[in-house]
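Q: The following block contains a protein sequence and its predicted model.
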Amino acid sequence: MTKDSAKSKLDKILDKAANEIPLEREELLLLLGLSDQEDLSKLFATARLLRARYFQNKAFIYGFVYFSTYCRNECAFCLYRKSNLSLERYRKTDLEIMETALSLVESGVHLLDLTMGEDPFYFDNQERGFEHLIRTVELIKKSTDIPIMISAGVVPEEILREFKESGVDWYATYQETHNQDLYRKLRIAQSYEERMERKKLARSMGFLIEEGLLTGVGDTAEDLVNSLEEMKKLGADQLRVMSFIPQMDTPMQNFPLVPRLRELIIIAVMRLVFPDRLIPASLDVDGLNGLAERLNAGANVVTSIIPPQSGLAGVSNHSLDIEDGNRTITKIIPVLKECGLVPASREEYAAWILKRQ
Ligand code: SAM
Ligand code: MD0
Ligand code: SF4
């Protein structure tokens with residue numbers, strides 16, 4: 001037997017990925033089904049190799065401002081769904097948004113992610129509702145020149161245009177899955193098409209786009225491969241996957257749990273398929289303790305830095321690691337180091353964005 005034919009199927013697939021030759025569907029399915037420890041180590045090593053090719057040892061860091069937890073929607077997986085009356089909601093004022101934004105910029109984040117539920121205060125009044133927010137965004141941009149992402153759901157077209165003019169760089173809205181039957185069970189009574197089309201429209205307006213998946217919600221390996229294809233078609237600049245975290249008093253609170261390893265494998269496969277894109281390791285799922293494993297799987301952006309004592313919430317974990325200051329740059333730097341990474345400079349992040357735009 002020649003040396004080559006003795007090579008395992010997995011080694012061949014990983015060689016192919018390392019050479020950036022597109023993988024076949026069957027090959028992706030094989031990767032998603034890996035469970036042997038040694039095989040997984042090889043997968044993660046290849047993901048890190050590809051990350052290093054495009055990003056060296058530099059990680060990007062995003063600040064997160066969840067400025068309104070009101071929402072008109074009923075997503076089955078989400079704590080903040082409209083009919084959940086068991087939580088206290090908040091809507092931060094323009095001044096509070098501004099103060100949080102400035103403190104995050106001061107702390108050294110590379111981007112501000114301004115996020116809210118589809119808060120009727122904004123959505124019901126259309127242009128008038130968003131007017132103040134757009135003014136605030138403009139102010140933040142003018143005074144700091146920080147890159148900004150807006151994660152405010154399916155924002156009306158006109159408003160999207162105004163956000164662009166006010167200096168917003170990124171539009172994030174996650175489909176969660178590209179299996180439309182599953183989507184209907186997750187994003188109850190929300191149009192799949194509209195959500196997808198709004199992202200495409202934003203792209204054509206010059207926004208960078210983030211697309212995202214939820215895993216552990218009944219998604220199959222086939223679904224995931226289809227999602228990778230859809231993400232490629234969309235031309236997403238940043239792609240994420242987060243594990244579903246069950247929320248009390250919501251329809252999916254007793255949904256069977258899936259091992260975290262699944263998220264890590266998907267991160268690594270995303271890196272193999274999209275070596276030059278941004279892939280977050282979210283602090284929102286497992287907090288600071290879950291950061292190293294996500295970075296070691298090939299992620300290159302730490303998301304969800306939240307200032308303590310600001311009264312701000314996370315998304316999938318309402319309060320995990322926030323008040324104790326574990327979601328700060330000071331706390332993540334040692335973890336980056338442990339993973340052989342350092343924070344990029346603001347200029348390096350700005351240069352990456354400019355190249356993609
Ligand atoms: N309301 C806007 C929207 O839904 O597009 C912006 C909020 S967006 C940051 C909320 C995202 O957090 C969802 O798209 C989903 O991917 C994630 N998420 C929400 N609830 C979650 C949960 N229980 N577990 C894991 N991720 C969750
Ligand atoms: C995060 N909690 O980055 C945030 C959120 C919204 N664009 C992002 C899911 O983990
Ligand atoms: Fe609202 Fe977003 Fe939660 Fe859905 S995921 S209920 S749109 S906050």
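A: All right, it came through fine. Ligands and ions are numbered 1, 2, ... in the order given.
Q: For the chain, which residues are neighbours of ligand 3?
A: Taking Cβ under 6 Å from any ligand atom as the contact definition, the chain meets ligand 3 at 71, 73, 75, 78, 80-81, 117-118, 153. Placement of C-beta: from N, CA and C, glycine included.
Q: Can you tell me which of those has the most neighbours?
A: Gly117 (26 neighbours; other Cβ atoms under 10 Å).
Q: Contacts only, for it.
A: 68-73, 80, 153 (Cβ atoms under 8 Å, 6 or more residues apart in numbering).
Q: Now flag whichever of those residues is closest to ligand 1.
A: Gly153 (4.0 Å; Cβ to the nearest ligand atom).
Q: Which helix or which strand is home to that closest one?
A: Using DSSP states H and E, Gly153 sits in no helix or strand.
Q: for the nearest residue to it once chain neighbours are set aside, helix, strand, or coil?
A: Ranked by Cβ to Cβ, 6 or more residues apart in numbering and with sequence neighbours excluded, the top spatial neighbour of Gly153 is Glu118, at 4.0 Å. The local conformation at Glu118, judged by DSSP: H, G, I helix; E, B strand; the rest coil, is coil.
Q: Sort out for me which of the contacts of Gly117 are in strands.
A: Ser68 (DSSP state E).
Q: and ligand 1, which of the contacts of Gly117 contact it?
A: Gly153.
Q: so, if you compare the contacts of Gly117, which one comes nearest to ligand 2?
A: Closest to ligand 2, out of all of these and judged by Cβ to the nearest ligand atom, is Gly153, at 10.5 Å.
Q: The closest one and Pro259, how far apart?
A: Separation of Gly153 from Pro259 (Cβ to Cβ, to the nearest Å) stands at 30 Å.
Q: sorry, back to before: so can I have JSON lines of the residues of the chain next to ligand 3 showing distance to Met248 and pLDDT?
A: Formatted as JSON lines, those follow (distance: Cβ to Cβ, whole Å; pLDDT from 0 to 100):
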{"residue": "Cys71", "distance to Met248": "16", "pLDDT": "98"}
{"residue": "Asn73", "distance to Met248": "18", "pLDDT": "98"}
{"residue": "Cys75", "distance to Met248": "15", "pLDDT": "98"}
{"residue": "Cys78", "distance to Met248": "12", "pLDDT": "98"}
{"residue": "Tyr80", "distance to Met248": "12", "pLDDT": "98"}
{"residue": "Arg81", "distance to Met248": "12", "pLDDT": "98"}
{"residue": "Gly117", "distance to Met248": "17", "pLDDT": "98"}
{"residue": "Glu118", "distance to Met248": "21", "pLDDT": "98"}
{"residue": "Gly153", "distance to Met248": "23", "pLDDT": "98"}
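Q: Between which two of those residues is the distance greatest?
A: Distance extremes for the residues of the chain next to ligand 3: the farthest pair is Arg81 and Gly153 at 12.5 Å, using Cβ to Cβ.
Q: and the stretch 201-350 of the chain, which of its residues are near ligand 2?
A: Counting by Cβ under 6 Å from any ligand atom, the stretch 201-350 of the chain sits next to ligand 2 at 280, 282, 284, 303-304, 314-315.
Q: Just the C-alphas of the strand or helix carrying Ile61, formatted as CSV.
A: Assessed by DSSP H and E, Ile61 sits inside strand 58-68. Output of strand 58-68 as CSV, limited to C-alpha atoms (Å, rounded to 0.1, in the frame of the first residue of the first chain):
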residue,chain,number,x,y,z
LYS,A,58,-4.7,38.2,16.6
ALA,A,59,-8.2,38.1,18.1
PHE,A,60,-10.9,40.7,17.8
ILE,A,61,-13.1,41.7,20.7
TYR,A,62,-16.7,43.0,20.6
GLY,A,63,-18.5,45.0,23.2
PHE,A,64,-22.2,44.2,23.7
VAL,A,65,-24.9,46.6,24.6
TYR,A,66,-28.3,45.0,25.0
PHE,A,67,-30.2,48.3,25.3
SER,A,68,-33.8,47.1,25.3
